[in-house]
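1. My questions are about this predicted structure, shown below with the sequence.
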Amino acid sequence: MVSESINISSGGLLFKTSEAVPSGQSLEAWVSWPVFLDKHIPLRLAAKGLVVRTGSEGAAMRFETYEFRTCQITSDAQVGVGARTEAGFSADNSMKIAG
């Protein structure tokens with residue numbers, strides 16, 4: 001599922017979802033990061049955790065583990081513009097969820 005992040009902290013993530021995500025479900029999330037490593041290397045946040053609540057505002061997951069990963073630089077990537085196209089990401093607040 002592709003989703004949009006609403007809020008993120010060191011402990012978890014609140015995201016919009018068009019599909020029902022039950023509390024307690026284990027998820028993996030990949031979030032395009034808006035800051036580049038060394039001003040030109042795209043990053044993404046890879047996180048694993050559990051859904052702790054769902055509601056009209058979206059679903060919240062609590063991180064069990066997370067790490068930053070570098071992404072391949074594609075020919076259409078533009079530093080600082082959010083034009084990265086790694087694993088389906090096309091905007092700074094887009095994300096991919098697997099559960």
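-> Looks like it came in fine.
2. Next, the buried residues of stretch 5-19.
-> Using 16 or more other Cβ atoms under 10 Å as the test for burial, stretch 5-19 gives Ser5, Ile8, Gly12, Leu13, Leu14, Phe15. From N, CA and C alone the C-beta is placed, and that goes for glycine too.
3. Go through those residues and flag which are in strands.
-> Ser5, Ile8, Gly12, Leu13, Leu14, Phe15 (DSSP state E).
4. Check those and tell me the two furthest apart.
-> By the measure Cβ to Cβ, Ser5 and Gly12 form the most distant pair in those, at 10.9 Å.
5. what residues are shared contacts of those two?
-> With contacts taken as Cβ atoms under 8 Å, 6 or more residues apart in numbering, Ser5 and Gly12 have no neighbour in common.
6. give the contact list for the residue nearest the centre of the chain.
-> Closest residue to the average C-alpha location of the chain: Val31 at 2.1 Å, with Cα atoms, centre = their mean. Applying Cβ under 8 Å, 6+ apart, we find Val31 in contact with Ser5, Ile8, Leu13, Arg44, Leu45, Ala47, Met95.
7. any idea how far Thr70 is from it?
-> If you measure Val31 against Thr70 using Cβ to Cβ, to the nearest Å, the figure is 14 Å.
8. Okay, strands next: where are they in this structure?
-> 2-8, 12-16, 26-32, 43-55, 58-70, 94-98.
9. would CSV of those with mean pLDDT be doable?
-> Compiled in CSV, the strands of the chain are given as follows (pLDDT from 0 to 100):
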stretch, mean pLDDT
strand 2-8, 87
strand 12-16, 93
strand 26-32, 91
strand 43-55, 93
strand 58-70, 94
strand 94-98, 60
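10. Hmm, Asn65 is touching Ala47, no?
-> Asn isn't right for residue 65; it's Thr. Yes - look at Thr65 against Ala47 with Cβ atoms under 8 Å: they come within range, at 7.0 Å.
11. Who has more neighbours out of these two?
-> The neighbour count for Thr65 versus Ala47, taken as other Cβ atoms under 10 Å, is higher for Ala47 (23 against 9).
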